[in-house]
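Trainee: A structural model of the following input is requested.
(2 chains)
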2 protein chains.
Amino acid sequence: MTKSLRLGLAGLGTVGTGVLDALQKHGRALSLRTGRPVELVAITARNADKPRGAHDLSRLQWVNDAVRLAAMPDIDVFIELIGGEGDPARSAVETALKSGKHVVTANKALLAHHGAALARLADEKSVGLYFEAAVAGGIPIVKAMRESLAGNGVKRVTGILNGTCNYILTKMTSEGRDFAEVLQEAQKLGYAEADPSFDVGGHDTAHKLAILTSLAFGTEPSLESVYIEGIENITREDIRNAHDLGYKIKLLGVAVQTEDGIEQRVHPTLVKKGSPMAEVDGVFNAVAVNADFTGDLMLEGRGAGAHPTAASVLSDIGDIAQGNRLPAFGIPAAQLKPYRRAALKAHEGGYYVALELFDRPGSVAGIANRLAEQKISIESIVQRAPQSEQATAPFILITHDTLESSMRKALENIEADGHVAKTPRMIRIERI
Amino acid sequence: MTKSLRLGLAGLGTVGTGVLDALQKHGRALSLRTGRPVELVAITARNADKPRGAHDLSRLQWVNDAVRLAAMPDIDVFIELIGGEGDPARSAVETALKSGKHVVTANKALLAHHGAALARLADEKSVGLYFEAAVAGGIPIVKAMRESLAGNGVKRVTGILNGTCNYILTKMTSEGRDFAEVLQEAQKLGYAEADPSFDVGGHDTAHKLAILTSLAFGTEPSLESVYIEGIENITREDIRNAHDLGYKIKLLGVAVQTEDGIEQRVHPTLVKKGSPMAEVDGVFNAVAVNADFTGDLMLEGRGAGAHPTAASVLSDIGDIAQGNRLPAFGIPAAQLKPYRRAALKAHEGGYYVALELFDRPGSVAGIANRLAEQKISIESIVQRAPQSEQATAPFILITHDTLESSMRKALENIEADGHVAKTPRMIRIERI
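Mentor: Numbering: from 1, shown residues only, chains lettered A, B, ... in the order given. Below is the predicted model of the structure:
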């Protein structure tokens, strides 16, 4: 009989409890598949006395400290479901790797901040660092990029990576409601945190994007190079205007290899209705990859939740039980290239521009001239009649592809000219 | 330096040439990722003298027989891109496995017909049998089901698995044209074979479905248990009617675990507009899996073509170079369960029914009574006015979920009653 693979689990929150469920229901099947018994032997959690549903944990070793669990000689795999870039998660993962244990983690912050260093440590000790659960929950995008796309040059990765934002934008679209109102409802339903800023501000998406970028281009994760804009300022009028012009608004994470380096950006984005990304609604996540041989590939599924995320943890455990080994980011950590950032002002794309225009002669001509000056050409315009007694009216336009720097310059000039009552706003368009 | 992984390639058609391209462009990167040099050493093809584009094959060993190549001691991996369930593909793959070589194949027919026996042979010799390229071209669905979903119980697999059919149905939909006309155009464009029956008759889809079923449920592949209907009889009127009722028509392969066994069916299907499967258009393929922990997962991408398929072959080569091992169908071949077929007449679902009704009193009542008799309830009806001087008119209805056996009985009775001028036609509805 093969020696069993002994697991130590740190963290019994939503995902941790999901892993208990998954091991109980499918642990034996996993052992059968991999040819090696898989056994949970030790556990640590903030509150040892909290009831854990149907799970009898009395036969497991309870350890009161994650770092101590990580160092225990009687486990082979350390499963880190504590979260957060700092301690105890970080030191526990480091301890596990240093003591020659494989690590399975769902911790996007830890990987986005310290991924390269942890990958080097794993390589030195010839152990695995697995994190399918850290990006897009139940969607097996890490394995797809690390293994399935190994015979490709990746050109672009695009993702809807945060279920909270996608839920809010979907509701705003389908029900014509305001951001604040839908956010409040999402909080009541448990789809948004009490402090929603990490999600709606785009930071969660940025963490996941930094990891995907590393897998895509073989570079060290570089969270600090991600340009980040959240969805807080998207209005229901933006969504209606986008709709009228044939688009939906999604919070996307985009990483593109350009001649000047890698562009990583997270921002609300107009995507054409009917395109695959536009039809990913509600709490669903999706990742689209464009690669030179595979072409366009998209994976869509549940980006969060106890059970989908637990299934990703089990997939990693299965790889370890099987004896499969791959460097954390697909290539040996020593070969990860330093990240070279492309300046966003060199970005080229289409833009949605929302202006609040004074309703008087010369306004439209003034706008048009400022755009022409920057060689920006207009694809379509929606001008709405001013509401009664208002001196201004919404003036919406979609541009053809242009440089971000030109767009910004034109909008600065338009504002300085005094034709608009508010600072112009722009939303990038992604043609995917 | 690690010993290189030596490849022997049999077949230099579209996919074989794509593999040459992929190895040339990304072979070194693959070696870097896996830590083991990958090297093509020997080759066989029907015509050794045919020019192979930019590829200089003069330094490779040319072998004039696939079985001889498969037996050569100087290769570690036999790549079978010949195709067909019979010889030389079958005996070459058997020979390779028997002589302890790993096999990478894109041959769906071979696996659908002889998959279980080949998997046993691979297990006996402790070598890998890999076939990512055999199902849905560039979409990494085999790895996803074999590895990523290992901690799940799969409940249902649904796929658009044939690009030719999807292209034809998409064109019929967007341009309102007839099957025969679009097929002819697809043949001219190289999207359909001169003899299209394998594709449009649903057989290609059935082969791929049989393989996915095996991966999903741990059963021996059972191609002969697949119920198959092609798209030849779909009319542009069906497509227009479906559109009016909120549906699109797709050729789906569906495998479901039921209480009575496994249901495998390939047939034209109505899917709700806006559902992910409905929006997969043109030559794209997609596979949706519903599993108890991961929930709904869908992968969409290019289902054919030299380069996407070659990328899947390289992914398999990467797994072998890495030393990753998994049984062909996810569990050891000896543990594959015998296939138990659920009778299609026990299938429950909605139906689209197209009748050519005589335009006279009592016809509609006659139809309604025959349906009521079988406890079939109607969700919606479209009745079109008869064209001038016609004695009959199209009468279309959508039913709520009902038993296939009841549906068939009702349609038999309706025909026997003489209310219709033609044999009634029905198309199943899939609520995904």
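Trainee: leaving out sequence neighbours, find the closest residue to A:Ala410.
Mentor: Of all residues not flanking A:Ala410 in the chain, A:Gln374 sits nearest, at 4.4 Å (CB to CB, 6 or more residues apart in numbering or on different chains). The way it works is simple: take the backbone N, C-alpha and C, and place the C-beta from them, glycine included.
Trainee: tell me the contacts of that neighbour?
Mentor: A:402, A:406-407, A:409-410 (CB atoms under 8 Å, 6 or more residues apart in numbering or on different chains).
Trainee: now swap in A:His26 and tell me
Mentor: A:His26 neighbours (CB under 8 Å, 6+ apart): A:314, B:150-153, B:293.
Trainee: what does the stretch 201-350 of chain A have sitting close to chain B?
Mentor: Contact residues (CB under 8 Å from any CB of the partner chain) of the stretch 201-350 of chain A with chain B: A:274, A:276, A:279, A:291-302, A:305, A:307-308, A:310-315, A:317-319, A:322-327, A:330-332, A:335.
Trainee: what pLDDT does the residue nearest to A:Ala410 get?
Mentor: pLDDT, A:Gln374: 96.
Trainee: what's it sitting at in phi/psi?
Mentor: With angles defined as degrees, to the nearest 10, A:Gln374 sits at phi -90, psi 10.
Trainee: quick one: the helices in the stretch 51-200 of chain A?
Mentor: A:66-71, A:89-98, A:108-124, A:141-143, A:163-175, A:179-189, A:197-200 (DSSP state H, counting those that start in this stretch).
Trainee: tell me the most buried of the ones you listed?
Mentor: helix A:141-143 (a mean of 27; mean count of other CB atoms under 10 Å in any protein chain shown).
Trainee: any residue of it touching chain B?
Mentor: Yes. Counting by CB under 8 Å from any CB, chain B has neighbours in helix A:141-143: A:Lys143.
Trainee: how many neighbours does A:Ala206 have?
Mentor: Using other CB atoms under 10 Å in any protein chain shown, A:Ala206 is surrounded by 25 other residues.
Trainee: name the nearest residue to it, ignoring sequence neighbours.
Mentor: A:Val226 (4.3 Å).
Trainee: among the contacts of A:His26, which pair sits farthest apart?
Mentor: Pairwise distances across the contacts of A:His26 peak at 11.7 Å for A:Leu314 and B:Gly153 (criterion: CB to CB).
Trainee: the two: which has the busier surroundings?
Mentor: A:Leu314 (31 against 15).
Trainee: without its sequence neighbours, what residue ends up closest to the more buried one?
Mentor: Closest residue in space to A:Leu314, ignoring its immediate chain neighbours: B:Gly151 at 2.6 Å, by CB to CB, 6+ apart.
Trainee: number of nearby residues for that neighbour?
Mentor: 30.
Trainee: of the contacts of A:His26, just say which sits nearest to B:Arg6.
Mentor: Looking across the contacts of A:His26 and measuring by CB to CB, the closest to B:Arg6 is B:Ala150, at 30.0 Å.
Trainee: which SSE is the nearest residue to the closest one once chain neighbours are set aside in?
Mentor: Spatial nearest neighbour of B:Ala150, chain neighbours left out: A:Gly318 (4.2 Å); criterion: CB to CB, 6+ apart. According to DSSP states H and E, A:Gly318 maps onto helix A:306-322.
Trainee: likewise A:Leu12?
Mentor: Counting by DSSP H and E, there is no helix or strand that carries A:Leu12.
Trainee: give the contact list for it.
Mentor: A:20, A:43, A:45-46, A:50, A:52, A:81.
Trainee: residue at max distance from the center of chain A?
Mentor: A:Pro361 (45.6 Å; CA atoms, centre = their mean).
Trainee: mean pLDDT added to the helices of the stretch 51-200 of chain A, as JSON lines?
Mentor: Below are these laid out as JSON lines (pLDDT from 0 to 100):
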{"stretch": "helix A:66-71", "mean pLDDT": "97"}
{"stretch": "helix A:89-98", "mean pLDDT": "98"}
{"stretch": "helix A:108-124", "mean pLDDT": "97"}
{"stretch": "helix A:141-143", "mean pLDDT": "98"}
{"stretch": "helix A:163-175", "mean pLDDT": "96"}
{"stretch": "helix A:179-189", "mean pLDDT": "94"}
{"stretch": "helix A:197-200", "mean pLDDT": "96"}
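Trainee: I'd like the ones you listed written out as JSON lines, with distance to A:Asp56 added.
Mentor: Putting those into JSON lines (distance: least, CB to CB, whole Å) gives the following:
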{"stretch": "helix A:66-71", "distance to A:Asp56": "19"}
{"stretch": "helix A:89-98", "distance to A:Asp56": "25"}
{"stretch": "helix A:108-124", "distance to A:Asp56": "30"}
{"stretch": "helix A:141-143", "distance to A:Asp56": "32"}
{"stretch": "helix A:163-175", "distance to A:Asp56": "32"}
{"stretch": "helix A:179-189", "distance to A:Asp56": "31"}
{"stretch": "helix A:197-200", "distance to A:Asp56": "35"}
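Trainee: surely the residue nearest to A:Leu314 meets B:Ala291?
Mentor: No. Counting by CB atoms under 8 Å, B:Gly151 does not reach B:Ala291; the two are 9.0 Å apart.
Trainee: need the overlap of contacts for those two.
Mentor: Joint contacts of B:Gly151 and B:Ala291 (CB under 8 Å, 6+ apart) are A:Ala311.
Trainee: residues near A:Asn152, how many?
Mentor: Counted with other CB under 10 Å, A:Asn152 comes out at 29.
Trainee: ok, the closest residue to it other than its chain neighbours - contacts?
Mentor: Counting by CB to CB, 6+ apart, A:Asn152 lies nearest to A:Ala291, which is 3.7 Å off, once chain neighbours are set aside. Counting by CB under 8 Å, 6+ apart, A:Ala291 makes contact with A:149, A:152-155, A:297, B:311.
Trainee: quick one: buried ones out of those?
Mentor: Buried members of the contacts of A:Ala291, scored by 16 or more other CB atoms under 10 Å in any protein chain shown, are A:149, A:152, A:154, A:297, B:311.
Trainee: what residue ranges in chain A score low on pLDDT?
Mentor: For chain A, the stretches with pLDDT under 70 are A:1, A:51.
Trainee: what residue spans form the domains of it?
Mentor: A:5-134, A:141-302, A:346-429 (automatic domain parsing).
Trainee: JSON lines please, covering those domains and showing distance to B:Tyr191.
Mentor: Shown next, in JSON lines, are the domains of chain A (distance: least, CB to CB, whole Å):
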{"stretch": "domain A:5-134", "distance to B:Tyr191": "36"}
{"stretch": "domain A:141-302", "distance to B:Tyr191": "15"}
{"stretch": "domain A:346-429", "distance to B:Tyr191": "30"}
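Trainee: for B:Gly8, which of those domains is the nearest?
Mentor: Closest to B:Gly8 of the domains of chain A, according to CB to CB: domain A:141-302, at 17.7 Å.
Trainee: how far off centre is the closest one?
Mentor: Mean C-alpha position of domain A:141-302 versus that of the full chain (CA atoms, centre = their mean, to the nearest Å) differs by 6 Å.
Trainee: before we move on, the earlier item: which residues touch the residue nearest to A:Ala206?
Mentor: A:206, A:209-210, A:253, A:264-266.
Trainee: just want the residue of the stretch 301-432 of chain A that's nearest chain B.
Mentor: Evaluated by CB to the nearest CB, the stretch 301-432 of chain A has A:Leu314 as its residue closest to chain B, separated by 2.6 Å.
Trainee: is it true that that residue touches A:Lys25?
Mentor: No. Contact between A:Leu314 and A:Lys25 fails when scored by CB under 8 Å: they sit 9.9 Å apart.
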